[in-house]
Structure formats: C-alpha cells, structure tokens
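J.: got a predicted model here, sequence first, then my questions.
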Amino acid sequence: MSEGAESSGALSNVEIEHKFLVGDGFDREAWVVACQALDPDHEKQVRVVDTYYVPAREKAWIYRHRYDEEIQQLAVKSRGGDTEVRTEINLDLSGNNQAAKVSAFLATLHIEEKHEVLKQIHVFDFPDCEIVYYVAECGRRIASCVEFEAIGAKSVEGALAVLQHYESALGFDPVQRTKINLFDLLVG
C-alpha cells in the first residue's frame, strides 16, 4: 500500500472500498430510493468499457484502461489478497478513445492476457463516498455488485469509517463483502 499525501492531505494512490455481490433478489429500485434519501451531490448512469491487461511476469499488478462518456483513464492496481485497501494509480487521458495506443504501450510490459469488461453503472456521488451499483460482463460471466469507495480520506481509518456510515445507512453488513477484485471474479 502506498500512503503518499497530496496537497489536500488525502491519501493518494490508494483505493479504499468494499464490494458486495448482489443476486437476482436485489431490489435495485429500493436501493436507488435509499441512496437518493441520503441526498447525494450527483447521480448518473453510464456504460463503461474496462479493458484489463495481465502482465506475463508480475501477477501482483493488473492494468486497466477505462473509457466511458465522461472519463478515460489508464490505471495500475495491486492484485491479490483482500481488496479493502489496495494500490491504485490512475492516469487521466484526454481526447478520443485511445485504446489502440494504450494496448501498444502496455505491450512493452509483456502483457500475457487482455480481457474486456462491460459495465452498466448507476453512481451516487457524495463528498466523501462514491456508491455504485453495476452489472459487469466478461464473456459469459456476469457479476452484479454494489461498491462503496471512500473519497478524499486523510487516513485508512477515516476511510473505513466513511464506508461503515454509508453501508449501515443502506443496510449492508461489511462482514458480507467480497474480498476479491472484479477482474478475478469475472476472469480468475
């Protein structure tokens, strides 16, 4: 885990989140109403294309190119173990879809596999947390999840308190979260 600090005092290059797998019985409409009752700053629905690149030699890292109507990023994430607190370094890319350039760039890192994950996401943005419901598909595998990601926290403990607050408000028990990253749920 990297705990460098940015000028805001927030943790940098660290993702602190809880992911919950939800099944067919998940009441998405009730979840939306409950999230709206928490008075989010913003709500949106977006289709996202995430292309994951797996290096041949270093299995502790995974690379992701994300492209949707709002953002384009190249990220490296730590892989393996509990995903509650892990390294995530995002580089923002501007302009049109740069998937071909990203693929060529990552080929220099001896990429062994490439997998495309399509996600339809419903996002609620709060000042300290992003709450997302999504259905992700990779080939024939599908996962439906709700994720809580702490935003702008100054410490891991503070971030976990933020997650606890929103999870409790929406009826999620942190004991029930999955500790496996999305890529490994769909591909691994």
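T.: That came through, no problem.
J.: from here on, just use CA atoms for contacts and neighbour counts.
T.: Noted.
J.: hmm, who's touching the longest helix anywhere in the chain?
T.: Longest helix of the chain, by residue count under DSSP state H: helix 156-169. With C-alpha atoms under 8 Å, 6 or more residues apart in numbering as the test, helix 156-169 has contacts from 16-18, 85, 128-129, 148-151, 153, 173-174.
J.: so which of these are in strands?
T.: Mapping the contacts of helix 156-169 onto strands (DSSP state E) picks out Ile16, Glu17, His18, Val85, Cys129, Phe148, Glu149, Ala150.
J.: flag the shaky bits of this protein, pLDDT-wise.
T.: The chain contains residues with pLDDT under 70 at 1-9.
J.: where's the residue of it most remote from its centre relative to Ser94, distance?
T.: Farthest-out residue of the chain from its mean C-alpha position, per C-alpha atoms, centre = their mean: Thr108, at 25.1 Å. Separation of Thr108 from Ser94 (C-alpha to C-alpha, to the nearest Å): 22 Å.
J.: this protein: strands as residue ranges?
T.: Along the chain, counting by DSSP E, strands occupy 4-5, 11-12, 14-21, 42-55, 61-67, 72-78, 85-92, 111-125, 129-138, 141-150.
J.: contacting residues around the residue lying closest to Lys119 once chain neighbours are set aside?
T.: In this structure, Lys119 finds its nearest non-sequential neighbour in Ala136, 4.3 Å apart by C-alpha to C-alpha, 6 or more residues apart in numbering. Going by C-alpha under 8 Å, 6+ apart, Ala136 touches Val117, Leu118, Lys119, Gln120, Ile142, Ala143, Ser144.
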